[in-house]
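> Please find the sequence and the predicted model below.
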Amino acid sequence: MRFEEYRRQDAISIAGLIAKGEVSAEEVLEAAITRAEQVNPVINAIVHKQYEQARKAVAAGLPEGPLKGVPFLIKDLGYFETGEPATFGSGLFKDFVADHDTAYVTRCKTAGLVFIGRSSTPEFGLNPNTEPRLYGSCRNPWNLEHSPGGSSGGGAAAVSAGILPVAHATDGGGSIRIPAAQCGLFGLKPSRGRISTAPDAGEGWGGLSAGHVVSRSVRDSALMLDCTAGLEPGDPYTAPMAERPFLEAVTRPPRKLRIALMLRDHRGAKLHPECLEAVQRAAKLCADRGHLVEEADPNIDLVALRPMNNRISAANIARSCNLRWNALGREPNAHDVEAVTWEVYRRGLKVSAVEYVEAIAAAHAVGRKMAAFLTSYDVVLSTTLAGPPPKLGYFDQNGDVRIFVERVTEYLSVTPLHNAAGTPAMSVPLHWTADGLPVGVHFAGRYGEEATLLGLAAELETAQPWFDRVAAL
């Protein structure tokens, strides 16, 4: 299978070609491996190769799932596969090997996906860039001097570079939507509880974190959600079951929606000119499709919420680090982790039980306020990020912690709100800057209503196609 043909297909198309016998799973796998070997030395997206394991899996016969034979990457952050490393992007875990499959991994295998490796992530997912000390910088295929975003930067860079059509991603503060926005991809963060984290956790980061994928097509994201969503035994809660398969949402015209348009971010700040243009054009595109678009703001103070989110993530990071140091029989050591991680760890140790409960309560209160706002609107339209993709090194997790925190606080001016609220949200690739850098447009919806977002995204994808707009790498 020639690369030019391979890149013209999304995951559903590839699976269809394999099912019809027009191409073999072996040919598809070799096309993915060949492309990876060509570009990964440049973009550094794959940090652990599983090519031989993938070849053996294909040769042994794959499950008859809807994505049989499609190559896939698992993000190197808390999702385990038996016998494979899981480093969390950290030297602290560089020798850790999983002894079981995460439920999500099992569901991906049942769908017929073929794992070719693990994708790069910043240490413990703390950075909106993907530049872990352990593996070095991951680069944006649209411009190698720029970041692909984080923390799912490796998966997004791999998809953007044409290694594969869809890749695993997670989102605890924007980490699906950030790299989707910076790499010209579609990225949906599902509702809280939609994707199980069993058997290793009941929820990620106190319910802030959700898992799913980044993809080039909307329908791939929808089918992946159908394949991986749902309750596992012992889960503390789950999102309400969808009435129909999510894939159906992208095949029928959406109803006319009431869309709240935000021309500022959730800190009340003015938008970067490129982001403002992206949002205004998206608003016109929606209005031209017959949707009612009007300026409105839920008036939720992200500045006040951020310390609460930080307490939740810091306490969880502290627990993870302590578990690893205890397993290694060592005392905590600042040299084992990056500078920002060490500060987050120390902060997490100081979070009291009352403070943690207060933080969870604040997140739940945001969810209720957003739900109340969305009784009048179906969707909130905003920018995804505070600006176009920054250059590598802008968020330095090994440098001055104060500067790092200031820059992250400014840049993540929208996405963390929906991690606290638990609402589904997506970044849609509808804009590129004059010098060719992607800028994402953000849409958020009611809890449990991913189908509404997917239907809208599919409509926008048809009205302003982006699939054939690819990086020249």
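Alright, I've got the coordinates.

> Tyr237: neighbouring residues, count only.
Using other Cβ atoms under 10 Å, Tyr237 has 10 other residues around it. The way it works is simple: take the backbone N, C-alpha and C, and place the C-beta from them, glycine included.

> swap that for Gln464, sorry
So Gln464, with other Cβ under 10 Å, has 14 neighbours.

> That one is in contact with Cys286, isn't it?
No: counting by Cβ atoms under 8 Å, Cys286 is not a contact partner of Gln464; they are 10.8 Å apart.

> Could you confirm Val441 falls within a helix?
No: Val441 sits outside any helix when classified using DSSP: H, G, I helix; E, B strand; the rest coil, being strand.

> Now do the contacts for it.
When contacts are counted by Cβ atoms under 8 Å, 6 or more residues apart in numbering, Val441 touches Ala278, Val279, Ala282, Leu381, Ser382, Thr383, Thr384, Ser427, Val428, Pro429, Leu430, His431.

> which residues pair with it across the strands?
Thr383, Val428 (DSSP bridges).

> So it versus Glu203, what's the distance?
28 Å (Cβ to Cβ, to the nearest Å).

> got the contact list for the residue most central in space within the chain?
Centroid check for the chain by Cα atoms, centre = their mean gives Ile176 as the closest residue, at 1.7 Å. By Cβ under 8 Å, 6+ apart, the contact list for Ile176 reads Ser152, Ala169, Thr170, Gly187, Leu188, Lys189, Ala210, His212, Val213, Val214, Ser427.

> Touching, the third one and Phe88? I think so.
Right, Thr170. No: using Cβ under 8 Å as the test, Thr170 is too far from Phe88 to be in contact (11.3 Å).

> what touches both of the two?
Common neighbours of Thr170 and Phe88, using Cβ under 8 Å, 6+ apart, are Leu77, Gly78, Gly125.

> Let me see the contact set for the first one.
Just to be clear, that refers to Leu77. Shown in contact with Leu77 (Cβ under 8 Å, 6+ apart): Ala86, Phe88, Gly89, Thr121, Phe124, Gly125, Ser151, Thr170.

> Distance of the closest residue to it other than its chain neighbours relative to Val47?
Using Cβ to Cβ, 6 or more residues apart in numbering and skipping residues adjacent in sequence, the residue nearest Leu77 is Thr121, 4.6 Å away. Here Thr121 is placed at a distance of 8 Å from Val47 (Cβ to Cβ).

> Just give the closest residue to Arg55, not the sequence neighbours.
Leu29 (6.7 Å).

> Return the set of buried residues in the helix or strand harbouring the one you found.
Assessed by DSSP states H and E, Leu29 sits inside helix 25-43. Buried residues in helix 25-43, counted by 16 or more other Cβ atoms under 10 Å: 25, 27-33, 35-36, 39-40, 43.

> And the strands in this structure?
Along the chain, counting by DSSP state E, strands occupy 46-49, 71-75, 114-119, 166-171, 186-189, 210-215, 258-261, 292-295, 379-383, 425-432, 438-445.

> out of those, nearest to Leu460?
Evaluated over the strands of the chain, closeness to Leu460 peaks at strand 425-432, with 5.9 Å, by Cβ to Cβ.

> and that closest one, what other elements does it pack with?
Using 3 or more Cβ pairs under 8 Å, 6 or more residues apart in numbering; DSSP states H and E, the elements in contact with strand 425-432 are helix 177-183, strand 186-189, helix 273-288, strand 438-445, helix 450-463.

> That one to strand 210-215, inter-axis angle?
30 degrees (axes from the mean of the first three to the mean of the last three Cα atoms, to 10 degrees).

> Now do the helices in the stretch 251-400 of the chain.
Taking DSSP state H, counting those that start in this stretch to define them, one finds helices in the stretch 251-400 of the chain at 273-288, 302-328, 339-350, 353-373.

> Next, the angle helix 302-328 makes with the third one.
Our comparison of helix 339-350 with helix 302-328, counting by the same axes, to 10 degrees, yields an angle of 90 degrees.

> re earlier: any residues in contact with both of Thr121 and Val47?
Common neighbours of Thr121 and Val47 (Cβ under 8 Å, 6+ apart) are Asp76, Gly154.

> just for the stretch 1-150 of the chain, where's the confidence low?
For the stretch 1-150 of the chain, no stretch has pLDDT under 70.

> quick one on the thing from earlier: same list, the strands of the chain, but as TSV with distance to Pro233 please.
Formatted as TSV, the strands of the chain follow (distance: least, Cβ to Cβ, whole Å):
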stretch	distance to Pro233
strand 46-49	29
strand 71-75	22
strand 114-119	24
strand 166-171	22
strand 186-189	25
strand 210-215	18
strand 258-261	38
strand 292-295	43
strand 379-383	34
strand 425-432	28
strand 438-445	29
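
> hang on, the earlier thing: need the buried residues of helix 25-43 in TSV (columns: distance to Ala315).
Listed next are the buried residues of helix 25-43 as TSV, based on distance: Cβ to Cβ, whole Å:
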residue	distance to Ala315
Ala25	43
Glu27	48
Val28	43
Leu29	41
Glu30	45
Ala31	44
Ala32	39
Ile33	40
Arg35	41
Ala36	37
Val39	38
Asn40	35
Ile43	34
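
> any idea which of these is the one closest to Thr409?
Closest approach between the buried residues of helix 25-43 and Thr409, by Cβ to Cβ: Ile43, at 27.7 Å.

> do you know how far that closest one is from Gly207?
32 Å.

> Touching, Ile300 and Lys369? I think so.
Yes: counting by Cβ under 8 Å, Ile300 touches Lys369, with 5.7 Å between them.

> quick one: pLDDT of Pro254?
Pro254 is assigned 86 on the pLDDT scale.

> For it, list the residues it contacts.
If a contact means Cβ under 8 Å, 6+ apart, then Pro254 has Thr452, Gly455, Leu456, Ala458, Glu459 as its contacts.
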